[in-house]
Every structure is written in C-alpha cells, then in structure tokens.
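1. Here's my sequence, what's the structure:
(one chain, ligands or ions: 1)
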Amino acid sequence: MKIVETQDGSHTVYASAFDEHYHSTNGAAQESRHIFINAGLKMCEKTEIRVFEVGFGTGLNAFLALLEAEQSGKKVFYSTIELYPLAAEDIEKLNYPQLTDCHCGQVQNCHCGLDPQSPENYFQKIHAAGWGSRVEITPHFSIEKIKADFTEFDLEENVDVIFFDAFSPEKQPEMWSEKIFAKLYEHCNEGAILTTYCAKGSVRRAMQTAGFAVERLPGPPGKREILRGIKRI
Ligand SMILES: C[S@@+](CC[C@H](N)C(=O)[O-])C[C@H]1O[C@@H](n2cnc3c(N)ncnc32)[C@H](O)[C@@H]1O
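-> Numbers count the residues shown, from 1 in each chain. The predicted structure follows:
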C-alpha cells in the first residue's frame, strides 16, 4: 500500500494488488463529497437514513458522511463492507482530519467546527470501531463495519442510500454484475439512491436491468460523468 497526495491535497491509497488508487488522483476528498455526499446522501429527504457502502477502504466516505450528519442534524446509520482492511499504520498516515483548519476541508464555509487535534477526533473513532457490531460515534452517526466478501454477502436490512465504491469493473467485474445490483435493489427502500463514480454503459445497463432508474450526472474534476440510480416504485 502506498499513500499518495491527490490534487486537492487530500491523500489516497494506491493498491498494487489491483493496480488502482482508492480515489481519483484529481482530488480524493473532492471526489467523495461530489459523488457520495452531494449526489447521494444529501438527496435523501428522510431524517433517519440507512447508508450502505461497498468498500470501506480508508474510511473517507464514512468520515464525510459523519460530518454531513453533524451539519444536517439528521441521523445516519452507516453500514460498510470491506474484505481487505487497511493496516492501522497506513490509516494513521492519512491526512483527512488535518486537510485544512477543519474536518470538512471547506475553509471558507467550515461547518464542522471540530478541532482536528482533539481526542474527539471522529476519523480515529470510526477506525477504532470494531468489526461486526454497530458503534455510536456521535448521537447523529453510528457505524457497523462488516469484514466480508461483498459478492457473497446478503444485506439484512433495507437501506436508503448506497455508496457503490468498489474497484473498477476492469479490475473487479464480479462486483458490477446485474446480479449484484439486483441484490442491492431488493434491499432498497422506496426512493433509495445509489451513486457511483463509474459511468460505463455496461454498468448503467446492469443497474437498469436490476430495476434502478438511472441518470448520468456531471462528475467531479477529471471525470465527465457519474451514475445515480433511484428505486422508484
Ligand atoms: C475504491 S476502494 C474504496 C474506497 C473507500 N470507499 C474509501 O472511502 O476509502 C474499493 C474498496 O473495496 C474493497 N474490496 C475489494 N473487493 C472487495 C470484496 N469482494 N468485498 C468487500 N470489499 C472489497 C477494497 O479493499 C477497497 O477498500
């Protein structure tokens, strides 16, 4: 595992086993906010939201979801699956809590008011949470980290928002199949939203065949389009 600084100053990880970065090298935090927080979580109108993430990785998406829950005052029940957890010594090097003066990385409009140096550091708390049970990090945000192979996993509860953040279809075609999207669709509440960075035609068609109404949205810098699927009944 190699830690790499991306163009917005936030880190990502390069996984040599997959020959792929965990995020866009054009800006990791910028990409996660754009695809998963702004196009996904923020579009859900519920006040109690169940989020499921495919690929916990560095915990960046989970951390940004926590910050959004703190800002919106909504309650987020976050579940995430990961087959290859990162080593603690790699996680410690990630600069997400220290991006700027604040956790949210938006100096101009900082909404988190959190001190990155504080022992209350939420990023560390997310990583300190054990695998296999739900842990409350703040009154607005709890997390259940599942250590399992997503291709063999069945969701137990229905969800409202899905962060689909697997490695690319070129590297892991089995994660992007129609069968996988059908399994997720089955566990979506009405109106549930799935977002992903991948805009490939084959992925869009697999999502549509599974039942999602799919739209193409403008991507973050360096990426023309992303996909958002909605379960409309
Ligand atoms: C693109 S990275 C995800 C980045 C992550 N969301 C973040 O915020 O850092 C893809 C992740 O999926 C995980 N993964 C790969 N195959 C998996 C599988 N079969 N089941 C569960 N997780 C898997 C990888 O280990 C990696 O952490």
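2. Which parts of this structure are strands?
-> Taking DSSP state E as the criterion, the chain contains strands spanning 2-5, 11-15, 20-21, 48-54, 75-82, 134-138, 141-147, 159-164, 188-196, 213-218, 225-230.
3. Need the residues that contact the last one.
-> Around strand 225-230, the neighbours that count as contacts under Cβ atoms under 8 Å, 6 or more residues apart in numbering are 34-35, 39-40, 43, 181, 191-199, 203-204, 207-208, 212-220. All C-beta spots, glycine's among them, are computed from the backbone N, C-alpha and C.
4. Equivalent analysis for the first one, please.
-> Outside strand 2-5, the residues that touch it by Cβ under 8 Å, 6+ apart are 11-14, 16, 21, 25, 90, 93-94.
5. thinking again about what came up before, need the strands of the chain in JSON lines with distance to the ligand, mean pLDDT and mean neighbour count, can you?
-> Putting the strands of the chain into JSON lines (distance: least, Cβ to the nearest ligand atom, whole Å; pLDDT from 0 to 100; neighbours: other Cβ atoms under 10 Å) gives the following:
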{"stretch": "strand 2-5", "distance to the ligand": "12", "mean pLDDT": "96", "mean neighbour count": "13"}
{"stretch": "strand 11-15", "distance to the ligand": "7", "mean pLDDT": "96", "mean neighbour count": "19"}
{"stretch": "strand 20-21", "distance to the ligand": "7", "mean pLDDT": "97", "mean neighbour count": "16"}
{"stretch": "strand 48-54", "distance to the ligand": "6", "mean pLDDT": "98", "mean neighbour count": "21"}
{"stretch": "strand 75-82", "distance to the ligand": "5", "mean pLDDT": "98", "mean neighbour count": "21"}
{"stretch": "strand 134-138", "distance to the ligand": "16", "mean pLDDT": "95", "mean neighbour count": "15"}
{"stretch": "strand 141-147", "distance to the ligand": "8", "mean pLDDT": "98", "mean neighbour count": "20"}
{"stretch": "strand 159-164", "distance to the ligand": "7", "mean pLDDT": "98", "mean neighbour count": "25"}
{"stretch": "strand 188-196", "distance to the ligand": "10", "mean pLDDT": "98", "mean neighbour count": "21"}
{"stretch": "strand 213-218", "distance to the ligand": "18", "mean pLDDT": "98", "mean neighbour count": "13"}
{"stretch": "strand 225-230", "distance to the ligand": "14", "mean pLDDT": "98", "mean neighbour count": "20"}
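6. do you know which of those strands lies nearest Gln124?
-> strand 134-138 (10.0 Å; Cβ to Cβ).
7. Mind listing what's buried along stretch 164-183?
-> 164-169, 175-178, 180-181, 183 (16 or more other Cβ atoms under 10 Å).
8. Out of the residues you listed, which is nearest to the ligand?
-> Taking Cβ to the nearest ligand atom as the measure, the ligand sits nearest to Asp165 out of the buried residues of stretch 164-183, at 3.8 Å.
9. Could I get the contacting residues of the closest one?
-> Going by Cβ under 8 Å, 6+ apart, Asp165 touches 36, 53-55, 57, 61, 196-197.
10. can you tell me which two in those are farthest apart?
-> Gly57 and Thr196 (14.1 Å).
11. List, one by one, the residues from the protein near the ligand.
-> 22, 55, 57-58, 60-61, 81-84, 149-151, 165-167, 172 (Cβ under 6 Å from any ligand atom).
12. Next step: the buried residues of stretch 164-183 restricted to helices.
-> Among those, DSSP state H puts 178, 180-181, 183 in helices.
13. what about the longest helix seen in the chain, average pLDDT?
-> In the chain, with assignment by DSSP H, the single longest helix is helix 60-72. In this model, helix 60-72 carries a mean pLDDT of 92.
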